[in-house]
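Chemist: any chance you could fold what I've pasted below:
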Amino acid sequence: MSKRDYYEVLGVAKSAGEREIKKAYKKLAMKYHPDRTQGDKALEDKFKEIQEAYEVLNDSQKRAAYDQYGHAGVDPNRGGAGFGGGGADFGDIFGDVFGDIFGGGGGRGGRQSRARQGSDLRYNLELSLEEAVRGKSVDIRVPTLVECEVCDGSGAKKGSSPKTCPTCHGAGQVQMRQGFFAVQQTCPTCGGKGKIIEDPCNSCHGQGRKEKTKTLNVKIPAGVDTGDRIRLSGEGEAGENGAPAGDLYVQVHVRDHDIFQRDGNNLYCEVPLSFTTAALGGELEVPTLDGKVKLKISAETQTGRMFRLRGKGVKSVRSGSIGDLMCKVVVETPVNLSSRQKELLQELEESMGKASSKHSPKAQGFFDGVKKFFDDLTN
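Modeler: Residues are numbered from 1 along each chain as shown. The predicted structure follows:
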């Protein structure tokens with residue numbers, strides 16, 4: 001009786017990847033496993049066929065031989081390239097399939113513990129608006145874990161070295177059988193490192209890392225804003241067993257300013273304007289981050305008017321474009337008036353007489369609207 005095509009047995013295409021093949025095998029193996037088929041000879045034979053197909057297609061050398069020569073390329077009775085005699089161990093195959101789910105890594109016979117990369121760190125840096133706009137160089141102190149300089153991060157006393165764990169033989173994991181499942185767990189002897197230290201370093205006590213506060217110089221580019229992050233590669237915690245260090249992220253927070261508010265690359269400020277200057281016009285001295293400038297105020301300026309000073313904002317840290325300074329004028333009502341000053345204002349009011357609406361167009365428009373509102377209510 002001729003054998004079925006292995007790809008057909010697993011229900012996958014010839015272009016299927018390793019992950020797809022494992023997924024298909026797992027689904028079929030759980031369906032047709034002898035523990036579930038209760039002695040049905042036909043289903044047991046089907047399970048063996050599935051197992052045989054998976055053993056070939058999951059091995060790159062056997063699969064290549066099968067793709068080139070068909071079943072003859074992997075038939076041990078014909079000197080096939082893939083088999084060295086005997087069938088595959090069912091537990092080993094399931095160990096491969098479920099390794100990814102239960103924490104395993106790699107294929108059969110090739111599992112190795114992986115040194116863990118150091119953790120990333122975050123440092124919160126507070127800046128004034130002037131510092132953020134202009135940029136600066138600042139020294140920061142960061143508590144972290146660094147590689148032990150005595151043992152060079154190995155954790156073993158100088159002159160000795162870590163030994164391969166006798167329990168997991170360097171894999172960092174051990175396999176436990178539960179029915180037809182092969183579940184992998186972290187090795188209890190070495191904690192998943194794959195090695196044990198018989199003679200630990202006196203400086204780091206076998207950890208390979210030590211706590212230390214580092215001083216780093218950070219260059220803050222001009223134009224940063226709250227929420228921006230500056231990444232310092234490799235300045236995080238040292239990795240385990242010689243693995244790469246993590247990164248340090250400097251998180252920028254810009255303090256509120258007494259005068260300016262920032263929105264992107266633009267700055268905003270409110271500037272008090274005297275009653276007389278608003279009415280007659282004149283010049284107003286306005287603050288900027290580069291010093292004071294003169295702002296020309298036209299006559300009859302109303303409160304809330306916005307004046308734009310181009311190029312007096314913030315230079316973008318990304319594009320290099322410069323924003324503007326937006327000045328909102330607020331007309332101030334005179335206070336603490338003398339008797340004579342009050343008389344003068346009264347004379348001004350009387351001089352306007354019935355033509356006062358001509359001098360207060362907004363007020364006239366408002367009261368006209370109020371009158372119309374009440375007229376509509378009564379009609």
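
Chemist: now this protein, which segments are flagged as low pLDDT?
Modeler: Counting by pLDDT under 70, the chain shows low-confidence ranges at 1-2, 35-38, 75-115, 177-182, 354-379.

Chemist: quick one: the helices in it?
Modeler: 6-10, 18-32, 34-37, 41-57, 60-69, 90-99, 129-134, 275-280, 339-352, 356-359, 361-378 (DSSP state H).

Chemist: the second one: how far from the chain's middle?
Modeler: Computed by CA atoms, centre = their mean, to the nearest Å, the chain-centroid distance of helix 18-32 equals 35 Å.

Chemist: list the contacts of residue 329.
Modeler: With contact taken as CB atoms under 8 Å, 6 or more residues apart in numbering, residue 329 is in contact with 270, 271, 272, 273, 278, 284, 297, 301, 303, 304, 305, 307. C-beta coordinates here come from the backbone N, C-alpha and C atoms, glycine included.

Chemist: burial count for the closest residue to the third one other than its chain neighbours?
Modeler: When you say that, I think you mean residue 272. Counting by CB to CB, 6 or more residues apart in numbering, residue 272 lies nearest to residue 332, which is 5.1 Å off, once chain neighbours are set aside. If you count neighbours by other CB atoms under 10 Å, residue 332 ends up with 13.

Chemist: again with the one 4 residues further on
Modeler: For residue 336, the tally of surrounding residues (other CB under 10 Å) stands at 5.

Chemist: one step back: report the buried members of the contacts of residue 329.
Modeler: Burial by neighbour count, judged by 16 or more other CB atoms under 10 Å, picks out 271, 273, 278, 284, 297, 301, 307 from the contacts of residue 329.

Chemist: my guess is the third one contacts residue 302. True?
Modeler: By that I understand residue 278. Yes. Between residue 278 and residue 302 a contact is recorded at 7.4 Å, counting by CB atoms under 8 Å.

Chemist: mind listing the shared neighbours of the two?
Modeler: By CB under 8 Å, 6+ apart, the residues touching both residue 278 and residue 302 are residue 331.

Chemist: what's stretch 131-143 in contact with?
Modeler: Under CB under 8 Å, 6+ apart, the answer for stretch 131-143 is 121, 123, 125, 127, 211-225, 235, 248, 250, 252, 254, 289, 314-315.

Chemist: could you redo the last one with a cut-off of 7 Å?
Modeler: By CB atoms under 7 Å, 6 or more residues apart in numbering, the surrounding residues in contact with stretch 131-143 are 121, 123, 125, 211, 213-225, 248, 254, 289, 314.

Chemist: among these, name the ones in strands.
Modeler: Per DSSP state E, strands hold the following members of these: 121, 123, 125, 211, 213-220, 248, 254.

Chemist: restricted to buried residues, select those residues in ChimeraX.
Modeler: Only the buried entries of the ones in strands among the contacts of stretch 131-143 go into this ChimeraX selection, using 16+ other CB under 10 Å:
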select :121,123,125,218,220,248,254
